[in-house]
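# can't give you the sequence, but here's the structure:
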């Protein structure tokens, strides 16, 4: 590998500096805010132009010119030039002159374009660079400014233009084009070196003042940057987009579109097949100052849907420079219901003059903030990468194939049924999930004989309603969908004893109880069961909404399922005995107002578990599906007002779950009938602001607590930071209870969720949890419910199940890993797996720190000889995992640089020794 000149050589093993550009260099070309933010992030008090800032850049991977034209490259420039003798190429760039270097079939994961040049100082900032191809593809033009300067020595300037700016869509190209974007003199411009670098970005060099300055300026306001995802117009109409506006406009030449918006004029851009999951709408425009705030934007469809109209104001401005204004409008405002659309509409919402309004960029994007401190909410809602300052912290970790491992249960990658979105989303089938759970509060009241009804309980006005997206949807449709998509099914079976009798009854009708604290806005007869004074109303007889569902009711249901299985194959792979029974007296208080006890739970398990076993002798039965910490230890009667843990004391003061396991073990010993195969509990972090699904705070403190909360799953040294205020160590604790009371039981985390699924902290918590499930050798786990499309939590699943979009996944055998020191493990995790034949090792490295890169040194002990390594990284980009650079230092060692807040997959090919 060739270095970029003597002073800039980068070799494996050198200390990596962590101005690793995850967000900064993911900026759009022509976005002024991006350039300014980059410059500010790296220069603080000094500037590259002053000579104070010195950066390293990655080594050249493809050299086009290095004091002579390199083999395979052709000189196709149009400016007057001199390349006759070895030494710098000389070009006259007056009259917008330029130079083109050509090589066919360029391929690779490049970090950027590097060039070293010398020009008269009077030229100022004059260079523009871009890529080109043999076809009609148009690549972004990037005007070089101080943010691209790596260092200066005398008159020589070393430039680095990130590849994300030159080729954001990673399209094929064959030419490098360097030209003047403004008129300059006829003096020679000299180029000593031109080429494409290995992956990576500029990093502050040893001795540079930038690191200290970066830290010193860390508390300054972060500058938001727009990262395009789907541009409709970028100085030219983009492929697939149609111009169907109604105002007079000029789009004839490459450059800004000109539109006259007088008389409430507007512009419409159309494209079919657009997804709904974008961060927001971005546009960059220039208009006469006397127009003021005049623009309005909205989406549109080919049907009758009406989308919100958003009037642009300072609230949406991310940058202003030279008369140009960059704005970003979050998708939540444009399309809050996530409905399909095909058009972008820009118009004037008030009368303005007839002067041209110019727009050089319009489309969909994400907003990213390069900050080492708290990220503004508008930036982090769409995920987003991070940029670190200072040294990358080193970490040494051993992947130990000689240590005892275990088979990973595929059911740890489970999700839950969302009845409201069953036919609206398709991406739940793209996660790589292995199983779906029919669960949650309404399933306790599901009437399989009617098929399509259950009760919403305390979650929503105690109403009997239809189950799914249409009035005929049943549990059998759920099972069939899973079979069709190759997922296993976990089915909750009611043991509460009452199920919905129809699709219309309500638990606390207004006609009986009068007006209540809250009434259903859609069904005025339905109240929440709380009097206006705040007191809970005495429930009516259960027959108000329900019919009895004894064990025989469940037996018949399972027999009917197994009968259908004769033609379709087994459809239920795990039966779960109801849902959170120690909350029945609140959740289902209209039919079960008394708090459940130790004895009731056991007796119902015996009665209904026996019905399940008789109907399906090969059934896998899980229970008791308790909700959380309080009821791992105590019954509902213990924690009810006046309970004083009397129920627990009456049962030997033994924690509820331990007692439950022991009694079921005794039952099996006495009868020979096994009624429990898996101990099932739910796990929800309890800290303030953690949230649920897409909700949850994303400030710096909550984000870090959200990620730390995963330690309650496994770490005996971690004291829960919520009201629990104890060491939970859930998986080890459950294993101890099983070993002591009913050996051989599996463990399931039947529900869990870390909140903020659209934020990187939620995604990292999810990735960490899946790794701990694999490490802990549990039987199954089911996220409640499933994450938004292309969110960080979506990609957390894909990290294990389909990281490359081609079926690449975590392997089936867990391989232990060990950090060299406790400090190395702070803020980082590494989970490893191996294929059955030992020829493939797949590991996932997580950097859980928001502002610190990690340089991980990996040793593969006893795994065999590493012959090839593929590294794919993710730091919040909606497009998911992308190829990264790594360094195989020997057949057993490699080095990988982990960006802040990132997931990195290592896919290794192994030759057995």
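Here it is on my side, so go on. These numbers come from a predicted model, not from an experiment.

# I'd say residue 59 and residue 197 touch.
Yes - if you go by Cβ atoms under 8 Å, residue 59 and residue 197 touch, sitting 6.5 Å apart. Quick note: C-beta positions are derived from backbone N, CA and C, even for glycine.

# From start to finish, how long is stretch 344-363 in a straight line?
8 Å (Cα to Cα, to the nearest Å).

# How about stretch 741-753?
Across stretch 741-753, first to last residue, Cα to Cα, it's 28 Å.

# so how far is that stretch from its chain's centroid?
With Cα atoms, centre = their mean, to the nearest Å as the basis, stretch 741-753 stands 27 Å off its chain's centre.

# circling back to that earlier point, neighbour-wise, which of residue 59 and residue 197 wins?
Shown here are residue 59 and residue 197; by other Cβ atoms under 10 Å, residue 197 has more neighbours (27 against 21).

# how close does the more buried one get to residue 480?
52 Å (Cβ to Cβ, to the nearest Å).

# And residue 785, by the same measure?
On the measure of Cβ to Cβ, residue 785 and residue 480 end up 19 Å apart.

# Of those two, which one has the most company?
When neighbours are counted by other Cβ under 10 Å, residue 785 comes out ahead of the other of residue 785 and residue 480, with 22 against 15.

# Backbone torsions only: list them for that one.
When read as degrees, to the nearest 10, the backbone of residue 785 gives phi -100, psi -70.

# Next: residue 789.
Dihedral angles (degrees, to the nearest 10) for residue 789: phi -60, psi 130.

# Assign residue 583 to helix, strand or coil.
helix (DSSP: H, G, I helix; E, B strand; the rest coil).

# pLDDT weak spots in the stretch 301-450 of the chain?
Residue ranges of the stretch 301-450 of the chain with pLDDT under 70: 321-322, 367-391.

# Could you pull out the buried residues of stretch 137-156?
Within stretch 137-156, the residues scored as buried using 16 or more other Cβ atoms under 10 Å are 138-152, 156.

# Between these, which sits nearest residue 693?
residue 140 (36.4 Å; Cβ to Cβ).

# after the lowest-mean-pLDDT helix or strand in the chain comes which helix or strand?
In the chain, no helix or strand scores lower on mean pLDDT, DSSP states H and E than helix 377-380, which sits at a mean of 28. Downstream of helix 377-380, the first helix or strand assigned by DSSP states H and E is strand 393-400.

# Sheet partners, orientation included, of whichever helix or strand comes after that next one?
Next along the chain after strand 393-400, taking DSSP H and E as the criterion, comes strand 406-407. In the sheet, strand 406-407 lines up against strand 813-815 (antiparallel) (DSSP bridges).

# Give me the mean pLDDT for the strand it pairs with.
Over the span of strand 813-815, the pLDDT mean works out to 98.

# for stretch 693-706, same thing?
The model assigns stretch 693-706 a mean pLDDT of 94.

# Check stretch 615-623 too.
98.

# residues in contact with it?
490, 554-559, 561-562, 572-578, 605, 609, 612-613, 674-680, 746, 748, 750, 780 (Cβ atoms under 8 Å, 6 or more residues apart in numbering).

# could you redo the last one with a cut-off of 6 Å?
Applying Cβ atoms under 6 Å, 6 or more residues apart in numbering, the external contacts of stretch 615-623 come out as 555, 558-559, 562, 574-577, 605, 609, 612, 676-678, 680, 748.

# Now, those that are in strands?
574, 575, 576, 577, 678, 680, 748 (DSSP state E).

# nearest to residue 860, of those?
When those are compared against residue 860 (criterion: Cβ to Cβ), the nearest one is residue 748, at 31.9 Å.

# Do I have it right that the closest one meets residue 779?
Yes - between residue 748 and residue 779 there is a contact under Cβ atoms under 6 Å: 5.5 Å.

# Settle it for me: which of the two has more neighbours?
residue 748 (31 against 20).

# So for that one, what pLDDT did the model give?
Here the pLDDT value assigned to residue 748 is 98.

# cool, and residue 842?
Reading off the model, residue 842 has pLDDT 98.
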